[in-house]
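1. Below: sequence and its predicted model.
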Amino acid sequence: MIRRDFLRRVLYSGTALAATGAAARAITPRIGQDATPVLDLFKVDPLNLTDVNLTGTDPPGTQSLPTFTAIPFRLEDVRILDPDLLRMREQTLDYLLALDSDRLLHNFRVNAKLPSSAEPLYNRESPTNGWRGHYVGHFLSACSQMYASTGDVRLKAKAGAMVSELAKCQAQLGDMGYLSAFPESGFDDLEQGRPAAVLWYALHKIMAGLLDVHEHMQNPQALQVLEGMAAWTDWRTGRLPEEQMQRTLQIEFGGMNEVLANLSAVTTNPRYLVVAKRFDHHAVLDPAAQGRDTLTTLHANTQIPKFIGAAREFELTGNPRYRDAAQFFWQQVALHRSYVTGGNSASEHFRTPPDVLASELTDLSQETCNTYNMLKLTRQLFTWRAEPQYADYYERAFLNHILATPNPADGSPLYYLGMQPGQWKVHFVPHEGFFCCCGTGLENFSKLSEGFYFHNEHSLWVNLFFASEVNWREKGVILRQETRFPEEAGTRLLMQTKSPARFTLNVRIPYWAEGASVTLNGKPFEPEQKLEPSSYAKIDRTWKNGDRVDVKLPMRLHLQPIPDDPTLAAIMYGPLVLAGELGTENLDPKRIYSDDKFLHGGFPAIPVPELAGDRNALDKWIQTVSAPVDKAVGQKAVSQKNAALTFRTVNAGRPQDVTLRPFNRVFNQRYCVYWKFRPAVEA
């Protein structure tokens, strides 16, 4: 899987893929010295897309290769200091160490006819489940990312031991390289159109996990096992006519195109890129490349990885159709099919046309895997042109969906982050939940600093506001961010450098921050252009040790209505979605946890208040109980550093007023995110 660590390594190493014969031209893109080359790249002539064939090979030398504007920092180069993020990461670390490796390996050993006395795992890792094996891939990825983030050698040892055992299973299954937790005969059913499990989906997770172990832990055996699986994949898919291969892609297959493209870049073997293209799903990618939204009724998370793969293939081939497909898909999902939290889907599907969400406020809204994958795609697209809209969405989804999922008591993940007024969050029972969202849940909190900082040779971007440090080794610069955001409406950036360094510091001005201001060493920074919302404050100078940048980001209450029903709206404060606390009436304490995703819905209904306040003057009827600290330049810590952002409606609730808190802090009780607003005449 393409992690920011991997992308950085590929870019700096100058990896190039020589394409010959049937292989598409593929070369690692260059780092742009500024945004101009990338902008020129995107000024392409209109394409004749009548007969789009995204899986076809491109004649060598016919495509321009993209230039990146920004690349992510490695996980090991970012040190998290925020106490809440540290708690979440520590809970995940403890969970990874506590998982029983023999139980995780059980299905692999049984399939390879090797002895196993371990107790089988549950639900999607049970011995008869069609998803079995996928969680092991997530586990390997999470261990790798957590090792990169923390340096905890216990994880390296545990993941390395598991790779060794998987290698034994692979060897036992023959000399073709096949490795899985289910028999190869399942692929016969898939290829012949008979009922089949999500076989490629599970293999993708395992392959991605092995690639992460190789990349983050420098484990050569992981790469050896992975290349065996890739060779088998080449053999298995290479026998199929194109039409038959496309039929197999109607069954969820994860990000097979992405992991094979990444493997091609890591090994400089263009053959893997050829195999990756076999997993380009024409029925979905081709319309998107033409600017047509055909997502309605489709299973949501099946589609997102296809476009992550398309984005990666664009980076390696320069084929603009991949770029067009990925960008259009992101636009439709992030801007027209997502809730205020940045999440998407109802009952796992895009059930309605774009901008039709009023009917989708259900107890089974927002599968968490979807947001995991949308953030992954968002990071990729940001690297191309460093556009603030991608960072704005990333912040929205990270703050209001990802950080709203783990139960603070134990870090347990959840499947759906439902939008039904009056429901509550249901978490998986620790050590009994092995669904997909449990796997991506491990990864979410093993790589928390992804998306914080980006750079190129001459610039550094600050995209998210959390207490942290980034080590820009190439410049000999450490940038320390001191903030209690979002309790504090701003951040302070401190430079540590042994010698002066010239570069441009790009500090994001979020979409919600009107009237933002910046000071440099205590003096007002006068930008060439006004600091508009959804832009960057660009400070180009020679930086010295001890330089300080203070950024004020004023927060205000604002509404985000449902697109197709103006009487339904969510309340936000700055970047935060506020949820109404509705208590525990008729809430069964035993249903705070469940080992089955299907029990994460079906909540006994309660009456939910409606709101009758003036939508254009929220401050008049929403009272601040505790607000973010607006720390003046030079002041020391203030007494409200642990203040929770809490609000209360005043004479506006019908039949009663409600308390509002950030959605990512509301647990173990009922809540409401989207409120019914009464017309003024009925207020």
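-> Good, I have the coordinates.

2. pLDDT score for the nearest residue to residue 477 once chain neighbours are set aside?
-> The spatially closest residue to residue 477, leaving aside those adjacent along the chain, is residue 497, at 4.7 Å (CB to CB, 6 or more residues apart in numbering). In this view, the C-beta of every residue, glycine as well, is placed from N, C-alpha and C. Residue-level confidence at residue 497 comes out at 97, pLDDT.

3. How many residues are close by residue 526?
-> When neighbours are counted by other CB atoms under 10 Å, residue 526 registers 7.

4. Same check on residue 193?
-> Count around residue 193 with other CB under 10 Å applied: 12.

5. Leaving out sequence neighbours, find the closest residue to it.
-> residue 247 is the one closest to residue 193 (CB to CB, 6+ apart), at 6.3 Å.

6. Against residue 196, how distant is that neighbour?
-> 11 Å (CB to CB, to the nearest Å).

7. buried sites along stretch 421-438?
-> Across stretch 421-438, burial judged by 16 or more other CB atoms under 10 Å covers 421-428, 430, 433-438.

8. And those, which is closest to residue 615?
-> Set against residue 615, the nearest of the buried residues of stretch 421-438 by CB to CB is residue 421 (17.9 Å).

9. what about that closest one, which SS state?
-> coil (DSSP: H, G, I helix; E, B strand; the rest coil).

10. you'd agree it is up against residue 610?
-> No. Using CB atoms under 8 Å, residue 421 is not in contact with residue 610; the gap is 9.9 Å.

11. Now do the shared contacts for those two.
-> Common contact partners of residue 421 and residue 610 (CB atoms under 8 Å, 6 or more residues apart in numbering): residue 675.

12. where does this protein have its least confident helix or strand?
-> Every helix and strand in the chain was compared by mean pLDDT, DSSP states H and E; the lowest is helix 36-41, with a mean of 26.

13. immediately after it, which helix or strand?
-> Downstream of helix 36-41, the first helix or strand assigned by DSSP states H and E is strand 67-68.

14. quick one, what contacts residue 86?
-> Taking CB under 8 Å, 6+ apart, we find residue 86 in contact with residue 80.

15. I'd guess it is in a strand, am I close?
-> No. Using three-state DSSP, the assignment for residue 86 is helix, not a strand.

16. which residues sit against the helix or strand where residue 389 lies?
-> Assigned by DSSP H and E, residue 389 falls within helix 388-400. Outside helix 388-400, the residues within contact range by CB under 8 Å, 6+ apart are 330, 334-335, 338, 340-343, 371, 374-375, 378-379, 381-382, 451, 461, 463-464, 486, 508-511, 534-536, 575-577, 663-664.

17. Shouldn't residue 585 be within a strand?
-> No. Read with three-state DSSP, residue 585 is coil and lies in no strand.

18. what pLDDT does it get?
-> pLDDT, residue 585: 92.

19. what number of residues lie near the closest residue to it other than its chain neighbours?
-> Leaving aside its chain neighbours, residue 585 sits nearest to residue 606 (5.4 Å; criterion: CB to CB, 6+ apart). Applying other CB under 10 Å, we find 14 residues neighbouring residue 606.

20. pLDDT wise, what is residue 604 at?
-> Listed pLDDT for residue 604 reads 88.

21. pretty sure it contacts residue 586?
-> Yes. Applying CB under 8 Å, one finds residue 604 in contact with residue 586, separated by 5.0 Å.

22. Please consider this matter closed, and thank you.
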